[in-house]
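A.B. asks: Whatever this is, show me its structure:
(one chain, ligands or ions: 2)
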Amino acid sequence: MILCAQALGWTTNRTPIVSDIDLRIETGEVFCLVGPNGSGKSTLLLLLAGLRRATSGSVRLGDQDLGTFTRREIARRIAIVVQQLETSDRLTVRETVELGRTPWLGPISPFGDNDERIVEEALAKTDIAHLADRRWQTLSGGERQRAHIARALAQQAEILILDEPTNHLDIHHQLSILELVRTLPVTVIMALHDLNQAMGCDRIGVMHQGRLEAVGTPSEVLAEDRIADVFKVAVRPVVDPSKGDSFLRFDLPGRSQAGNRP
Ligand SMILES: Nc1ncnc2c1ncn2[C@@H]1O[C@H](COP(=O)(O)OP(=O)(O)OP(=O)(O)O)[C@@H](O)[C@H]1O
Ligand SMILES: [Mg+2]
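C.D. replies: Numbering: from 1, shown residues only. Ligands and ions are numbered 1, 2, ... in the order given. From the prediction side, this is the model:
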């Protein structure tokens, strides 16, 4: 167990946004949060990353309460790509990615060749090496998203928290980022909206109205009736004859599943 939430909650203006979260994240797993808009995924990710302080319960990183770590200590162990991305417009892509090295730098360990190598590697893995000297404000949405993921990779933390990492990405880059995070030797916790992509993760947590409604392997958790209930859709597994596995098809409730629209 690397990260553990116990009775975790966050309330604002007397409104509970996230409640009663009990969750153990195992070392090395790829854990995915799914759930409708406003169900509390981003809030839970911020709590797990120590960027938002719990109003009830606790988060443990290893065997220690997250609240006892300094920001710098947390940043060496947890890298996060948040949903609302902001970066100074004046920075270049390379400078943005270099920010990922900040928790490792200090008076006796200035930015050096090894940091440079790590930054170049992160630029290459996210396919933005050709954009390294471009200014931030000139980037497209997907290029910005990849630069933020590169910054998180450069941080070389053991836990990578990604809030909708495929947001803005074209299908090739969606698949390559998901493949990349699956092959990294780190623990990954991410929010995804695409339930078919979520099926590629080790475990899934379903958020609904601020609570973790279910946690388990994709086949345990993505039962059709639960998806139908939580997401208010009709769902149908379809077998891919070329691979023998199945994917999910969705429709609004009450619509014909045959796909013929009026
Ligand atoms: N600082 C805040 N003050 C008031 N309400 C908030 C705050 N942060 C989040 N909320 C509310 O809490 C709920 C959960 O928000 P959150 O961003 O965690 O949802 P989400 O599951 O990530 O949604 P999405 O899929 O749209 O990203 C939403 O209704 C949101 O409006
Ligand atoms: Mg969110």
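A.B. asks: in the stretch 51-200 of the chain, which ranges drop under the pLDDT threshold?
C.D. replies: Of all residues in the stretch 51-200 of the chain, none has pLDDT under 70.
A.B. asks: And the helices in this protein?
C.D. replies: 41-48, 71-77, 93-98, 113-125, 141-154, 171-183, 195-198, 218-221, 224-231 (DSSP state H).
A.B. asks: Now do the buried residues in the fifth one.
C.D. replies: This means helix 141-154. Of the residues in helix 141-154, 142-154 count as buried by neighbour count, 16 or more other CB atoms under 10 Å. C-beta: built from backbone N, CA, C; applies to glycine.
A.B. asks: Can you dump the C-alpha atoms of that helix in CSV for me?
C.D. replies: Taking C-alpha atoms only, helix 141-154 is exported to CSV below (Å, rounded to 0.1, in the frame of the first residue of the first chain):
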residue,chain,number,x,y,z
GLY,A,141,-4.9,22.5,-26.1
GLY,A,142,-3.5,19.0,-26.7
GLU,A,143,0.1,20.3,-26.9
ARG,A,144,-0.4,22.1,-23.6
GLN,A,145,-1.8,18.9,-22.0
ARG,A,146,1.2,16.9,-23.2
ALA,A,147,3.6,19.6,-21.9
HIS,A,148,1.9,19.3,-18.4
ILE,A,149,2.2,15.6,-18.5
ALA,A,150,5.9,16.0,-19.5
ARG,A,151,6.4,18.3,-16.5
ALA,A,152,4.9,15.7,-14.2
LEU,A,153,7.1,12.9,-15.7
ALA,A,154,10.2,15.1,-15.2
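A.B. asks: The chain should start at 21 in everything you say after this.
C.D. replies: Sure, I'll start numbering at 21, so the last one becomes helix 161-174.
A.B. asks: so what does that helix touch, helix or strand wise?
C.D. replies: If contacts are counted by 3 or more CB pairs under 8 Å, 6 or more residues apart in numbering; DSSP states H and E, helix 161-174 sits against strand 98-101, helix 113-118, helix 133-145, strand 179-183, helix 191-203.
A.B. asks: quick one, which of the ones you listed is nearest to ligand 2?
C.D. replies: strand 179-183 (5.7 Å; CB to the ion).
A.B. asks: what's the closest one packed up against?
C.D. replies: For strand 179-183, the packing partners by 3+ CB pairs under 8 Å, 6+ apart are helix 61-68, strand 98-101, helix 161-174, strand 207-211.
A.B. asks: Of all residues in the chain, which one is closest to ligand 2?
C.D. replies: Taking CB to the ion, the chain has Ser62 as its residue nearest ligand 2, at 3.1 Å.
A.B. asks: That residue against Asp183, yeah?
C.D. replies: Yes: the pair Ser62 / Asp183 is scored as a contact, 5.4 Å apart, by CB atoms under 8 Å.
A.B. asks: shared neighbours of the two, anything?
C.D. replies: Val102, Gln103, Ala211 (CB atoms under 8 Å, 6 or more residues apart in numbering).
A.B. asks: Glu184 and Leu212 touch, don't they?
C.D. replies: Yes: the pair formed by Glu184 and Leu212 meets the contact definition of CB under 8 Å, at 6.7 Å.
A.B. asks: Between these two, which is the more surrounded one?
C.D. replies: Using other CB atoms under 10 Å as the criterion, Glu184 and Leu212 rank with Leu212 on top: 25 against 20.
A.B. asks: No further queries at this time; thank you.
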